[in-house]
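Enquirer: Using only what follows, build the 3D model:
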Amino acid sequence: MFRLISKRMLKLFGWNTNGALPEGIKKAVVVSAPHTSYWDFVVGRLTFWAIRVNIRFLIKKEAFFWPLGWLMERAGGLPVDRGKYKSNMVSQVVKMFEEHDELVVVITPEGTRKRVEYWKKGFYLIALEAGVPLALSYIDYGTKTGGVGPVFHPSGDYEKDMMFIQDFYRDKTACHPEWFNLSKKI
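Expert: Numbers count the residues shown, from 1 in each chain. Okay, here's the model as predicted:
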């Protein structure tokens, strides 16, 4: 039902979808970029429902109050205590992968909707330590397309893998392009 409603809503607003996770992938870290607007969540969530990818996303536990908590849980939210685990977030998410037979977690490496000088490394470290692939998802406001691109296992050579990742996102248009940074600072 969510799939049909999502496809219709996206179509109504002129959005298209492209790609999905390859068959058989039950665990992955999904990189989601660009992330410069609250609308990215809405378009992204609808896109994942439309392409049948059951994603989960990390969100501060404070967002899980009634009635928003019920909605966040249904949308795929995983509550995290950022204060308690800030320096230990990677190991906490790796543990989540160990505890689940199926888990696809979306992470925005920019970490905020505003311009940043460099992306956070957590998404990469989680995939590497959990032994799961990285899937590159996107929301391109220039073409009004959302979807999933390449899927690969991190090699352990962070700089090389980041060059590949950032090259993939180079032609994607953010809602606020001035806030999307793909600098060589990695």
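Enquirer: Any figure for the gap between Ser155 and Ser137?
Expert: 20 Å (CB to CB, to the nearest Å). All C-beta spots, glycine's among them, are computed from the backbone N, C-alpha and C.
Enquirer: Please read the previous query as pertaining to Phe65.
Expert: Distance, Phe65 to Ser137, by CB to CB: 28 Å.
Enquirer: show me where this protein has strands.
Expert: Using DSSP state E, the strands of the chain run over 16-18, 27-33, 56-60, 77-80, 103-107, 134-140, 145-152.
Enquirer: Helices along the protein, start to end?
Expert: 2-12, 39-50, 68-75, 82-85, 89-99, 122-130, 158-169 (DSSP state H).
Enquirer: Select, out of those helices, the one closest to Leu21.
Expert: Ranking those by their distance to Leu21 (criterion: CB to CB) puts helix 39-50 first, at 9.7 Å.
Enquirer: Run the angle between that closest one and helix 2-12 for me.
Expert: Our comparison of helix 39-50 with helix 2-12, counting by axes from the mean of the first three to the mean of the last three CA atoms, to 10 degrees, yields an angle of 130 degrees.
Enquirer: can you redo the helices of the chain as a markdown table with mean pLDDT and mean neighbour count?
Expert: Output for the helices of the chain, formatted as a markdown table (pLDDT from 0 to 100; neighbours: other CB atoms under 10 Å):
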| stretch | mean pLDDT | mean neighbour count |
| --- | --- | --- |
| helix 2-12 | 93 | 14 |
| helix 39-50 | 93 | 21 |
| helix 68-75 | 80 | 13 |
| helix 82-85 | 63 | 11 |
| helix 89-99 | 92 | 16 |
| helix 122-130 | 96 | 21 |
| helix 158-169 | 94 | 15 |
